[in-house]
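Engineer: Pasting the sequence and the predicted model now:
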Amino acid sequence: MIVFQDIYKRFGKKEVLRGVSLNVPKGKIQYIIGTSGAGKSVLTKHLVGLIRPDKGRVLFDGRDITDCTEQEYFEVRRRVATVFQHATLFDSMTMAENVALPLRKHRGCKQKEALERAMEFLKQVQMADYAHRYPSDVGDGLRKRVAIARALTMEPEVVIFDEPTTGIDPLAAANVDQLMRHLSEQMTVTSIVISHDLRSIFRVADRVAMLYKGRVLLEGTPEEFRNTTNPVVRQFINGDAEGPMEFPGVGR
């Protein structure tokens, strides 16, 4: 469904991506891992046109979107949602009002209809009981579920999850993982997940790609990552301070 072909991207003197090729299958959960500065977020931003490659092509659902105009990218962005590390909910709005907002702004729904439809999306993420509460009333894990419900209002085919389990407790992280699996299996949503959470990776990923020195060092199933003899990958998944890995020393 999504194909990154030989992507190169440089910012000034810093060459972030040096020929990244990756196929993301439809309806699967694709994790992209690597150290800070490896280019994980940079790669995914190419999908929605926030960054254009210096070289290489990006294909979405069989269409080459590399040279789309800004207007043409609006259609791509309607099909691709992003759930950020921080839930970014409006504190002055209830959970239902937060989810209803894009329905009013982008779908043209009236307030009553938007709130009714918001309840359906909250039910999908098991948050209907919290519909009339405010973000400050609940923990990070529940807020993240509401952020996912809000993303689903646009009926995306693809959801990019940026560090979805960072900063939340293990139980909340497991619930978010379960929700991603539900989106994949029940709604055929394709998920691209940027994460360092090894528990999550081995619990829910269908495919994993590790970026290192601007390239895909290893791409495969979680089991292939467990069994790899590549010393850099082994160091990363074991969390060893000592080893062959070189750190770029810049932000992701």
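Structural biologist: Right, received. Where do you want to start? Residues are numbered from 1 along each chain as shown.
Engineer: What residues does the closest residue to M127 other than its chain neighbours make contact with?
Structural biologist: Spatial nearest neighbour of M127, chain neighbours left out: R145 (5.1 Å); criterion: Cβ to Cβ, 6 or more residues apart in numbering. Quick note: C-beta positions are derived from backbone N, CA and C, even for glycine. Counting by Cβ atoms under 8 Å, 6 or more residues apart in numbering, R145 makes contact with 125-127, 175-176, 179.
Engineer: Quick one: list the elements packing against the longest helix along the chain.
Structural biologist: For the chain, the helix that runs over the most residues, judged by DSSP state H, is helix 170-187. Packing partners of helix 170-187 (3 or more Cβ pairs under 8 Å, 6 or more residues apart in numbering; DSSP states H and E): strand 29-33, helix 140-152, strand 190-194, helix 198-204.
Engineer: hmm, 10 Å instead?
Structural biologist: Counting contacts by 3 or more Cβ pairs under 10 Å, 6 or more residues apart in numbering; DSSP states H and E, helix 170-187 packs against strand 29-33, helix 111-124, helix 140-152, strand 158-162, strand 190-194, helix 198-204.
Engineer: Arrange these in TSV, one row each, with mean pLDDT as further columns.
Structural biologist: Shown next, in TSV, are these (pLDDT from 0 to 100):
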stretch	mean pLDDT
strand 29-33	97
helix 111-124	94
helix 140-152	89
strand 158-162	94
strand 190-194	96
helix 198-204	92
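Engineer: right, and those - which one's nearest E75?
Structural biologist: E75 lies closest, by Cβ to Cβ, to one member of the helices and strands packed on helix 170-187: strand 158-162, at 12.8 Å.
Engineer: angle of that closest one against strand 29-33?
Structural biologist: 30 degrees (axes from the mean of the first three to the mean of the last three Cα atoms, to 10 degrees).
Engineer: Now strand 158-162 - C-alpha only, PDB.
Structural biologist: Taking Å, rounded to 0.1, in the frame of the first residue of the first chain, the C-alpha atoms of strand 158-162 are listed here in PDB:
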ATOM      1  CA  VAL A 158      -3.500   4.900   7.400                       C
ATOM      2  CA  VAL A 159      -2.600   6.000  11.000                       C
ATOM      3  CA  ILE A 160       0.900   7.200  11.900                       C
ATOM      4  CA  PHE A 161       1.500   6.700  15.600                       C
ATOM      5  CA  ASP A 162       4.400   8.800  17.000                       C
END
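Engineer: Tell me the strands beside that strand, with direction?
Structural biologist: When pairs are called by DSSP bridges, strand 158-162 turns out to pair with strand 80-83 (parallel), strand 190-194 (parallel).
Engineer: quick one: whichever helix or strand comes after the shortest one to helix 111-124, angle?
Structural biologist: Once strand 80-83 ends, the next helix or strand along the chain (criterion: DSSP states H and E) is helix 95-106. Following the same axes, to 10 degrees, one obtains 120 degrees for the angle between helix 95-106 and helix 111-124.
Engineer: what helices or strands is helix 95-106 leaning on?
Structural biologist: Looks like helix 95-106 contacts helix 111-124, helix 140-152 (3+ Cβ pairs under 10 Å, 6+ apart).
Engineer: Many thanks, I have nothing further to ask.
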